[in-house]
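# just coords:
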């Protein structure tokens, strides 16, 4: 099962999201009201850990465990990052969930968030359907 | 054993979350990203000859294993390692009998729809842009995360108060 290792990373990731309360609707409102440092603290430690590891990978040309060259992530700009980004932000405030927490919220016992996940799937599908009419 | 039930401080949760970036790269050149799984599920279940869903989603199956893990992690953290003292969602809103109310429809259905629509439009979410993109110093990801926050600040301050 070569994919099982990704599930294990997912479990640790989901556990950290949940125990760190990053999937908490209350924490998300608090973050958008600037009432607590907690969520900002999570971002301000997660990103430097990611950045530092990418720096080490690049500097020492670290290979994957199977010996392949690691390709550095590159993100292209398009207007969707602003337009889509705002729309996502609206939904994030309402649901208290970005896509990772969508899954973790279901697991954490709030089974009704399956509805949120299905609605997100519908949103993704409708975007695909009308993409050609939207500015990119 | 008391400590098992306690929430983690940000300086523990944050670094663990950040470590997913190198772990996925080292294990197989995989880039942290979660909204992509919504696309894979659409491509697998209802592609409907829509160009966005015409690709070999089976090549991205690792991504679905990853989010399956997140769901299990949510169960371990939210159910097994929770004695009931940590409440993550307002139960008066997020419960099955609320789904068919106006408030429930707006918060769960319309909210979820915007999460799926917006993240695909932005080609990434809080993990792909927010964690991976910022870690790789990609400026479009910075624009994305600022837009996520602007949208969230607006709705959380000016819309959510009228719903709860």
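That came through, no problem. Given the structure is predicted, the values throughout are model-derived calculations rather than measurements. Numbering: from 1, shown residues only, chains lettered A, B, ... in the order given.

# how many residues are close by residue 119?
No chain specified, so I'll use chain A. Residue A:119 has 25 neighbouring residues, counting by other Cβ atoms under 10 Å in any protein chain shown. Using the backbone N, CA and C atoms, a C-beta is placed for each residue, glycine as well.

# wait, I meant chain B there
Per other Cβ under 10 Å, the neighbour tally for residue B:119 reads 36.

# next one: residue A:114
When neighbours are counted by other Cβ under 10 Å, residue A:114 registers 16.

# next up, the contacts around it.
residue A:106 (Cβ atoms under 8 Å, 6 or more residues apart in numbering or on different chains).

# near chain B at all, stretch A:16-25?
Yes. Using Cβ under 8 Å from any Cβ of the partner chain, stretch A:16-25 reaches chain B at A:16, A:17, A:18, A:19, A:20, A:21, A:22, A:23, A:24, A:25.

# ramachandran angles for residue A:63?
Note on residue A:63: its backbone torsions stand at phi -100, psi 170 [degrees, to the nearest 10].

# tell me the bridge partners for it.
According to DSSP bridges, the partner residues bridging residue A:63 are residue A:69.

# could you double-check that it lies in contact with residue A:57?
No. Residue A:63 is beyond contact range of residue A:57, at 9.0 Å (criterion: Cβ atoms under 8 Å).

# the more surrounded of the two?
More crowded of residue A:63 and residue A:57, by other Cβ under 10 Å: residue A:57, with 18 against 13.

# do a quick rundown of the helices in chain A.
Secondary structure of chain A (DSSP state H): helices at A:4-19, A:25-32, A:38-59, A:80-95, A:99-107, A:113-130.

# mind giving me the packing neighbours of the worst-scoring helix or strand of chain B on mean pLDDT?
Ranking every helix and strand in chain B by mean pLDDT, DSSP states H and E puts helix B:2-5 at the bottom, with a mean of 86. Of the remaining helices and strands, none touches helix B:2-5 by 3 or more Cβ pairs under 8 Å, 6 or more residues apart in numbering or on different chains; DSSP states H and E.
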